[in-house]
Structure formats: structure tokens, C-alpha cells
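Undergrad: below are the sequence and a predicted model for it; my questions follow.
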Amino acid sequence: MANIQSLDPTASPLDYYGWELRRQREAHGLRQGQLGDIIFCTGSLVGQIETTKKVPTRDFSERVDAALGTDGLFSRLIGLVLRSQLPTWFQPYAEMEAKAAYISTYQAQLVYGLLQTEEYARAVLATGMPDDLEGLVAARVERQRVLEHEQPPLAWVVLDEAVLHRPIGGPEVMRRQLARLLEFSGHRWMHVQVLPNKVGAHASLAGSFNFLRFDDNPDIVYTEDIISGHMTANPETIREAALRYARLQAAALSVEDSAELIIRVMEERYGHGSQPEEQPVA
């Protein structure tokens with residue numbers, strides 16, 4: 001097992017967290033198992049987090065703070081740790097998303113990340129066969145905390161109807177994911193619209209994009225390709241994105257009609273009485 005004393009606490013937020021956890025634990029005269037007993041986990045888990053073999057969770061951090069009286073130290077650190085688990089190319093966007101005053105997004109394939117349930121996110125992220133799936137899932141859930149701010153960003157989400165029908169994770173996962181979308185019906189800050197299949201050709205056949213607006217910074221358009229993401233503040237691109245998004249919103253169902261469609265798909269396609277899809281024969 002790696003010796004945590006060999007860790008460089010300046011190497012990464014995760015290294016610093018592990019180094020600080022051991023320092024605080026030993027300062028309180030506790031062995032790993034003893035701390036584990038106090039915060040209702042195994043000493044092995046404490047050791048794995050101290051040696052950066054496991055990514056801590058926010059719940060773990062809050063329990064450590066309570067047990068060691070560290071005045072919210074680990075609860076503050078965990079945000080940095082989890083953001084550092086995001087893909088390197090995605091981190092700049094996540095930082096800008098957290099500062100945005102207004103978010104507009106069109107999603108052609110998947111539910112927008114801020115609205116994904118944990119199990120839906122796990123199924124999506126697993127497709128990339130990552131080395132640390134749980135770390136990525138925890139980072140995505142942490143990213144959603146922006147919606148819990150006292151004044152969160154005003155967000156408009158347009159989902160292609162295909163997103164509702166794509167069975168990510170299976171029927172039960174999809175049912176709970178669509179129920180999550182319905183929680184935003186009538187929400188003050190978040191509005192969800194569905195672009196129905198019957199629209200046919202539309203203003204963003206080229207794919208998904210996010211449009212961020214800020215109080216004190218230039219607007220940004222973000223897109224992704226198969227391996228990375230791209231942000232631009234080019235004025236011509238911004239104008240084109242704004243025009244395309246306006247057209248998408250005009251073609252999409254109203255928030256109320258979108259909710260009705262989501263309910264219908266949830267019951268007809270993912271309801272408990274619906275028939276499972278036939279599996280192909282190998």
C-alpha cells in the first residue's frame with residue numbers, strides 16, 4: 001500500500017484532501033478504524049481516501065468535519081476535489097457554467113447534465129469505460145449544486161424528443177429520470193421544453209450546444225465533439241447561436257405541453273405495464 005507521507009499535497013486537490021485527512025486524524029489521536037467507527041464507515045475506506053485510491057463524497061466530508069471539529073474544512077475541499085475529477089478538457093466549461101447568469105442548451109442525444117439523476121448519469125458515463133466511474137458520477141452530481149444556489153442561473157433546456165425515448169440504463173432508470181424532468185414544471189429558474197419529432201428538420205440538426213450568458217463577461221457558446229469540448233466568445237458565433245436557439249424554442253412545445261409529452265412517454269414507454277423491448281438474437 002502506498003505511504004500517504006509520500007504524497008505531495010500540492011499535486012492535486014485529491015492529494016491535498018488525503019494528506020489533510022490523515023494529518024487531522026492523527027492530530028486527534030485516532031486510527032483509521034476508530035475514525036471509521038465514528039463516521040459510520042470502514043477503516044479501509046478511510047485509508048483508501050487518505051491514499052487517493054478512493055474519491056471522497058460530500059456526505060463523507062461533512063461527517064469528517066462533524067467528527068473532527070474541522071469547521072467545514074473538508075466540506076469546502078470536496079468541491080475542489082470533485083471538480084478535479086471532471087475530464088481536463090471539460091473543467092473550464094464547468095467553471096464557466098457555475099458562474100453563468102443564464103444558460104440555454106439544446107440537447108439532441110441526452111438529458112442535460114445538470115438535470116440528470118445519479119443513476120442516469122452513471123449509465124451515461126459508463127459508456128466511456130472510465131477508470132474511476134464513481135468519481136465521475138460524484139463530480140457530475142457536485143456540478144448540479146449550482147441549481148441549489150440562492151440565486152441559481154436562469155436556464156432554458158430544449159430536449160429533442162429522441163432523448164425521452166432513448167432507454168439509458170433501462171426502463172426504471174428512465175422512468176425516474178423523466179420524473180426528475182417533471183419536477184421542474186412551473187419552476188422559477190429552470191424551464192424544460194421538448195422539440196417533438198414531428199418538427200422534422202430544425203435549426204440545430206448539426207447537434208447539441210450550450211449558450212452561456214454572464215453579468216460581467218462575454219457570452220460563450222460551448223459544443224462537443226467525440227473527444228473534447230470547445231468554447232468560443234466569437235461575436236459572429238454568438239449571434240448565430242442566439243438565432244438558432246430562438247428558432248428551436250419557437251419550434252419546441254410549450255413548457256406545459258412538454259410536461260404532458262414527458263408524462264405520456266413515461267407511462268407508455270417506461271410504465272410498469274409497458275412491455276420490454278425485444279432483445280436481438282445473437
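TA: All right, it came through fine.
Undergrad: now the stretch 1-150 of the chain, which segments are flagged as low pLDDT?
TA: Across the stretch 1-150 of the chain, the ranges flagged by pLDDT under 70 are 1-5.
Undergrad: how close does Leu253 sit to Leu125?
TA: Distance of Leu253 to Leu125, computed by C-beta to C-beta, to the nearest Å: 29 Å. The way it works is simple: take the backbone N, C-alpha and C, and place the C-beta from them, glycine included.
Undergrad: check Ala259 too.
TA: 27 Å.
Undergrad: ok, Gln24 next?
TA: Distance from Gln24 to Leu125, by C-beta to C-beta: 31 Å.
Undergrad: before we move on, what about Leu182?
TA: For Leu182 relative to Leu125 (C-beta to C-beta), the value is 23 Å.
Undergrad: name the residue in these two with the higher neighbour count.
TA: Ranked by neighbour count (other C-beta atoms under 10 Å), Leu182 and Leu125 place Leu125 first, with 19 against 15.
Undergrad: how much space between Leu253 and Phe209?
TA: Applying C-beta to C-beta to Leu253 and Phe209 gives a distance of 20 Å.
Undergrad: name the nearest residue to Val141, ignoring sequence neighbours.
TA: Nearest non-adjacent residue to Val141, counting by C-beta to C-beta, 6 or more residues apart in numbering: Glu118, 5.7 Å away.
Undergrad: which stretches in the stretch 51-200 of the chain count as helices?
TA: For the stretch 51-200 of the chain, the helices defined by DSSP state H, counting those that start in this stretch occupy 58-68, 73-84, 91-99, 118-126, 133-143, 161-165, 171-182.
Undergrad: got a list of what the closest residue to Ser254 other than its chain neighbours touches?
TA: In space, and not counting its chain neighbours, Ser254 is closest to Gln193: 7.1 Å by C-beta to C-beta, 6+ apart. Neighbour list for Gln193: Trp156, Val157, Val158, Leu159, Gln249, Ala252, Leu253, Ser254, Val255, Ser258 [criterion: C-beta atoms under 8 Å, 6 or more residues apart in numbering].
Undergrad: list the contacts of the closest residue to Gly207 other than its chain neighbours.
TA: Counting by C-beta to C-beta, 6+ apart, Ala108 is the residue found nearest to Gly207 once chain neighbours are left out, at 5.6 Å. Contact analysis of Ala108 by C-beta under 8 Å, 6+ apart lists Asp160, Ala162, Val163, Ser204, Gly207, Ser208.
Undergrad: which one of those is nearest to Thr42?
TA: Of all the contacts of Ala108, Thr42 sits closest to Val163, with 38.9 Å by C-beta to C-beta.
Undergrad: so how far is Leu253 from Leu212?
TA: 24 Å.
Undergrad: who has more neighbours, those two?
TA: Leu212 (23 against 19).
Undergrad: secondary structure class for the more buried one?
TA: strand (DSSP: H, G, I helix; E, B strand; the rest coil).
Undergrad: tell me the contacts of it?
TA: Met96, Glu97, Ala100, Tyr102, Ile103, Ser104, Asp219, Ile220, Val221, Tyr222.
Undergrad: look at it and report its pLDDT.
TA: At Leu212, the pLDDT value in this model is 97.
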